[in-house]
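Engineer: Here is the input, now give the coordinates:
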Amino acid sequence: MDRHSQAGRRYLRRFFPTMTAYVVALIGANWAINALHPKGAALVVLAILPALPIIAVIGVIGLYLVEETDEYVRQRAVTAMMVGLAIMLSIATAWGFLEEGGVLPHVPAYWAFIVCSPSRARASTRSRPADTTPHSRSPSGSPTCSG
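Structural biologist: Numbers count the residues shown, from 1 in each chain. Now for the predicted structure:
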């Protein structure tokens, strides 16, 4: 994500309030569930409440991809998302089989987002070295690689 592009600035203006809403929803829902001991529909609403801002963050990321006009920056963001998803799915799959075998305890499904997000962030900060192969032109004017 390029925070200097218009799309990047819009992403940040959407992301931070949405994550603030997540923290407020998580703390508020946990407090209400523990203090008020709701039942039925009220419990369902309180239990799902923290998921709504997380779902919104996924939408914010999607909007960024649609709005980013720099193809290179957009491709880097997509690649970082794919790395995050690959790491999360690999861990979830291995954990699931180990859990099924009784080797590891059950982990709530919301940990998938918690694993995916820093994996995506880490992948987005890793930069590939630029192509340092010297390029020249052939006598006909077409590009060639030397060396």
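Engineer: Tell me how far H106 lies from H4.
Structural biologist: Distance, H106 to H4, by CB to CB, to the nearest Å: 43 Å. Where C-beta positions appear, they are placed from N, C-alpha and C, glycine not excepted.
Engineer: Where does R3 fall, secondary structure wise?
Structural biologist: According to DSSP states H and E, R3 maps onto no helix or strand at all.
Engineer: List the contacts of it.
Structural biologist: Under the criterion of CB atoms under 8 Å, 6 or more residues apart in numbering, the neighbours of R3 are 9, 11-12.
Engineer: Please enumerate the helices of the chain.
Structural biologist: 6-36, 40-48, 51-67, 71-100, 111-125 (DSSP state H).
Engineer: quick one, the first one and helix 71-100 angle?
Structural biologist: Okay, so that is helix 6-36. For the pair helix 6-36 and helix 71-100, the angle between their directions (axes from the mean of the first three to the mean of the last three CA atoms, to 10 degrees) equals 30 degrees.
Engineer: that older thread, who wins on neighbours among the contacts of R3?
Structural biologist: Comparing those by number of neighbours (other CB atoms under 10 Å), Y11 comes first, having 22 neighbours.
Engineer: ok, and the closest non-adjacent residue to that one?
Structural biologist: Y64 (4.1 Å; CB to CB, 6 or more residues apart in numbering).
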